[in-house]
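S.K.: 3D, please:
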Amino acid sequence: MINSYARLDDAEVAIAAACVGADVVRTMYGRRLTRIDKGGGDFATAADVEAEKTILSVLQAARPDDAVLGEESGQQGAAEAARQWLVDPLCGTLNYAVGNMLVAVNVALRGGAAAVADPFSGEVFFTDGANAWVRHGDADAQLEPTSASRLVDVNLDPPFSNAPDFRAVNLLAQPDFVERFRPRVVSTTLALAWVAAGKRAAYVTDGGDLSGSVHFAAGIALCQAAGCVVTGIDGAPIGQAGHGLVAAADAETHRLLMSMIRN
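M.R.: Numbering: from 1, shown residues only. Prediction:
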């Protein structure tokens with residue numbers, strides 16, 4: 001098993017890791033699960049912890065010299081390592097805990113390959129760092145972003161790092177936003193994969209530098225590889241200069257959203 005993982009390229013390692021995590025999430029769905037309090041109303045479940053363990057077992061077998069940052073287990077290996085994997089084993093824990101299937105499993109190599117698995121649809125969105133695809137069963141299809149749906153996912157989860165200057169919720173009160181777009185609140189970064197796949201026109205969230213976030217790194221990588229326009233809410237490139245995130249299917253959608261944010 002170790003040798004079989006070691007022979008995979010980075011994209012296939014990300015897929016394999018995300019898929020084993022998704023298997024755990026799907027298997028444990030609907031059970032009464034132990035909760036681990038994180039403070040501020042946030043918590044993890046036993047499914048988060050078990051999914052992360054299985055993901056880490058794949059990464060350790062495939063890339064034993066790489067560092068890993070897991071949402072539940074923290075940093076393993078040097079934080080400044082040249083290669084670091086970012087793992088969010090269950091993005092959408094609040095959804096999952098109440099029986100909502102809108103969740104994602106995120107695995108990303110910082111600055112490289114990434115995969116986002118939907119445990120319940122069976123879709124795995126992935127990138128090798130240059131191009132992006134979705135795998136369903138044995139078939140891979142290239143991701144094609146489009147704003148045709150006009151659906152824009154707005155993350156309303158606190159904390160609001162950029163308040164009072166900006167809160168994503170304020171977009172919902174703008175007449176121009178409601179006229180041009182249809183807001184959605186999925187409360188999982190699966191919605192970022194949906195932007196890359198053409199199921200959403202855009203995604204907007206508050207926050208700081210999200211490029212190294214276990215929650216956002218995989219979705220950002222997918223959107224960038226698929227050709228989406230991805231910046232911070234200040235219009236700066238994602239990274240230390242860019243705060244929060246605006247990921248849009250095309251330049252016009254991004255321009256409209258930025259004008260609304262600046263207003």
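
S.K.: so where do the strands sit in the stretch 151-263 of the chain?
M.R.: 151-154, 182-184, 202-205, 229-231, 245-248 (DSSP state E, counting those that start in this stretch).

S.K.: Tell me which other helices or strands the third one touches.
M.R.: Using 3 or more CB pairs under 8 Å, 6 or more residues apart in numbering; DSSP states H and E as the contact test, the elements touching strand 202-205 are strand 151-154, helix 190-197, strand 245-248, helix 251-262. Every residue, glycine included, has its C-beta placed from N, CA and C.

S.K.: my read: residue 169 touches residue 157, true?
M.R.: No: the pair formed by residue 169 and residue 157 falls short of the contact definition of CB atoms under 8 Å, at 10.2 Å.

S.K.: Which pLDDT value belongs to residue 3?
M.R.: Among the per-residue scores, residue 3 holds a pLDDT of 60.

S.K.: Hmm, I typed the wrong one, I wanted residue 163.
M.R.: Among the per-residue scores, residue 163 shows a pLDDT of 81.

S.K.: quick one, what contacts it?
M.R.: By CB atoms under 8 Å, 6 or more residues apart in numbering, the residues touching residue 163 are residue 206.

S.K.: longest strand of this protein?
M.R.: Of all the segments of type strand in the chain, defined by DSSP state E, the longest one is strand 84-91.

S.K.: so after that one, what's the next helix or strand?
M.R.: As assigned by DSSP states H and E, the chain's next helix or strand after strand 84-91 is helix 93-97.

S.K.: Thought residue 108 was touching residue 83, still the case?
M.R.: No: taking CB under 8 Å as the contact criterion, residue 83 and residue 108 are not neighbours in contact, 11.5 Å apart.

S.K.: These two - which one has more neighbours?
M.R.: Taking neighbours as other CB atoms under 10 Å, residue 83 and residue 108 compare with residue 108 leading, 31 against 15.

S.K.: got any ranges where the chain has weak pLDDT?
M.R.: Applying pLDDT under 70 to the chain flags the ranges 1-3.

S.K.: tell me which residues in stretch 92-99 are buried?
M.R.: Going by neighbour count (16 or more other CB atoms under 10 Å), the buried part of stretch 92-99 is 92-93, 95-97.

S.K.: Need the residues that contact it.
M.R.: Counting contacts by CB under 8 Å, 6+ apart, the residues outside stretch 92-99 that touch it are 25, 29-30, 33, 35, 43-45, 47-48, 90, 100-104, 186-190.

S.K.: Apply the buried test to those residues and list what passes.
M.R.: Under a neighbour-count criterion of 16+ other CB under 10 Å, the subset of the contacts of stretch 92-99 counted as buried comprises 25, 33, 44-45, 47-48, 90, 101, 103-104, 186-190.

S.K.: Of those residues, which belong to helices?
M.R.: Restricting the buried ones among the contacts of stretch 92-99 to those inside helices, with DSSP state H as the criterion, leaves 25, 47-48, 190.

S.K.: With distance to residue 250 as new columns, can those residues be given to me in JSON lines?
M.R.: Converted to JSON lines, those look like this (distance: CB to CB, whole Å):
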{"residue": "25", "distance to residue 250": "32"}
{"residue": "47", "distance to residue 250": "36"}
{"residue": "48", "distance to residue 250": "34"}
{"residue": "190", "distance to residue 250": "21"}
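
S.K.: neighbours around residue 222, how many?
M.R.: Per other CB under 10 Å, the neighbour tally for residue 222 reads 32.

S.K.: nearest spatial neighbour of it, skipping sequence neighbours?
M.R.: Distances taken as CB to CB, 6 or more residues apart in numbering place residue 196 nearest to residue 222, at 4.3 Å, with adjacent residues excluded.
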